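*Asks:* sequence first, predicted coordinates after that:
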Amino acid sequence: MLWQPPLPESYTKMTPENLAAAISTRRRELGDQLVILGHHYQTDEVIQHADITGDSLKLSQQAALVAASGKVKYVVFCGVHFMAETADMLTPEEVAVILPDLSAGCSMADMAQYDDTVQAWEDIHASLAEQGWKGTIVPITYVNSSAAIKAFVGEHGGACCTSSNAGEVFRWAMSGGTTGRETGATQDIKVLFLPDQHLGRNTASAYGIDTKAHTCLYDPRLTRRGHALGGATPEQLLASKVILWAGHCSVHKLFRPEHCDQIRAENAANPDAEPTTILVHPECAKEVVDKADLAGSTEFIIRTIREASVGSRWAIGTEVHLVARLAKEAAARGVAVRILSDCQCLCTTMYRIDQPHLLWVLDNLAGDSAGRDPKIKKPKVVNQVSVHPKVRELALLAIDRMLAHAGSGSVKAGPTTGARA
């Protein structure tokens, strides 16, 4: 996590209404040279200022599109650090990508560090070679990872994926990845899936892999404590088609199988009422996804609710701010939406982006603090997120391979939609 200097009290003591008005003023002053992106998990106070909303990849792609116009000089990304990195890699060098609060990181992305990944790659290959294995390991990293990890994956012939196209990328990898055409994919293939073990396990299961028999977990924390192979055994590595990194989303891990059981019990207790359909994100544990009716990406969840029939009822397992907005929107159409668990399932690092920080970066861009920060003397870019050119070059290999594969957004679908991964 990067360090964010504290803001002057003049920002933190402003009312939400005054902050919103000041931000609107700055946006008008900066005009077409500014674009504000808002991730779906942001609070309503931040989302109201976004020119474009979406998930991390969609926002980065949109940033690239608007930056291509030549008018945009500043992209303010109301998300977390890895998202701003991706946007920086997909936009021209002359466009500054800004993160309003540098401490807005991602705990999942932080669970896969570059040095740990290099060691894992070397140790896993050495162990398999000692056992006579001569196949190919194709690395896949979820887009929720650092630029350094994306670069590692790109350099080693792998690809990024999103929760929307994880199935497509996984099939590509199991067919040999970048070497598949040359070899006819006759060699033995294993996938190293970083950093989200749950998306990796759910995707492998949807592909048809017996995840109990043919996956294992590599935990870098155990390696640091002296346990070889991240706690896995050589035999487990050899038997596995997928090696899962021991990472997870701190939000989606809060949803449990018993939350699904509770919905089922409520449905059984009210047989005459419209049953509640369970819809979850594939970052949830496999035990939750297995008990859900549907599982899919953020965009899949939004699309499913917007297309839901009048009178239908839904319990959604994803971030609370998104669910609350969907519930409000759906209620106007006669669709009932609730969150799967009553616990506070919010992305705390995303929550660091707020109106005071947004106004502070805009004041700096405008070069006028209106008395809010005496340090602001002239226009300047603060909190710029820049990816090193060499890292960018390698990471874009993984991103380009990801963009070559489109997906439906669903890793599991039941009779409600009939969609398949």
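*Replies:* Structure's in. What do you need? Numbering: from 1, shown residues only.

*Asks:* mind checking pLDDT for the residue of the chain most remote from its centre?
*Replies:* Most distant residue from the mean C-alpha position of the chain: Asp272, 38.5 Å away (Cα atoms, centre = their mean). Turning to Asp272, the model gives it a pLDDT of 92.

*Asks:* tell me the contacts of it?
*Replies:* Residues near Asp272 by Cβ atoms under 8 Å, 6 or more residues apart in numbering: none. Using the backbone N, CA and C atoms, a C-beta is placed for each residue, glycine as well.

*Asks:* tell me the secondary structure for it?
*Replies:* Following DSSP: H, G, I helix; E, B strand; the rest coil, Asp272 is assigned to coil.

*Asks:* now it: how far from Val310?
*Replies:* 18 Å (Cβ to Cβ, to the nearest Å).

*Asks:* could you do Glu130 as well?
*Replies:* 61 Å.

*Asks:* cool, Ser250 as well?
*Replies:* 35 Å.

*Asks:* between the two, which one's more packed in?
*Replies:* Ser250 (16 against 8; other Cβ atoms under 10 Å).

*Asks:* my guess is the more buried one is in a helix, correct?
*Replies:* No - per three-state DSSP, Ser250 lies outside any helix segment and is coil.

*Asks:* which residues does it contact?
*Replies:* Ser250 neighbours (Cβ under 8 Å, 6+ apart): Ser107, Met108, Cys347, Thr348.

*Asks:* so where do the strands sit in the protein?
*Replies:* 34-39, 52-54, 74-78, 96-98, 136-142, 159-161, 189-194, 215-218, 242-245, 276-280, 294-296, 313-317, 336-339, 410-412 (DSSP state E).

*Asks:* okay if I get those as TSV plus distance to Arg325, mean neighbour count and mean pLDDT?
*Replies:* Shown next, in TSV, are the strands of the chain (distance: least, Cβ to Cβ, whole Å; neighbours: other Cβ atoms under 10 Å; pLDDT from 0 to 100):
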stretch	distance to Arg325	mean neighbour count	mean pLDDT
strand 34-39	11	24	94
strand 52-54	10	18	89
strand 74-78	15	27	95
strand 96-98	24	24	96
strand 136-142	24	26	97
strand 159-161	26	30	95
strand 189-194	30	26	97
strand 215-218	34	22	98
strand 242-245	31	26	98
strand 276-280	15	24	98
strand 294-296	17	27	96
strand 313-317	11	25	98
strand 336-339	10	18	97
strand 410-412	21	24	48
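
*Asks:* just put these in JSON lines and tack on distance to Tyr207.
*Replies:* Putting the strands of the chain into JSON lines (distance: least, Cβ to Cβ, whole Å) gives the following:
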{"stretch": "strand 34-39", "distance to Tyr207": "28"}
{"stretch": "strand 52-54", "distance to Tyr207": "27"}
{"stretch": "strand 74-78", "distance to Tyr207": "32"}
{"stretch": "strand 96-98", "distance to Tyr207": "34"}
{"stretch": "strand 136-142", "distance to Tyr207": "12"}
{"stretch": "strand 159-161", "distance to Tyr207": "13"}
{"stretch": "strand 189-194", "distance to Tyr207": "10"}
{"stretch": "strand 215-218", "distance to Tyr207": "11"}
{"stretch": "strand 242-245", "distance to Tyr207": "9"}
{"stretch": "strand 276-280", "distance to Tyr207": "19"}
{"stretch": "strand 294-296", "distance to Tyr207": "14"}
{"stretch": "strand 313-317", "distance to Tyr207": "22"}
{"stretch": "strand 336-339", "distance to Tyr207": "29"}
{"stretch": "strand 410-412", "distance to Tyr207": "9"}
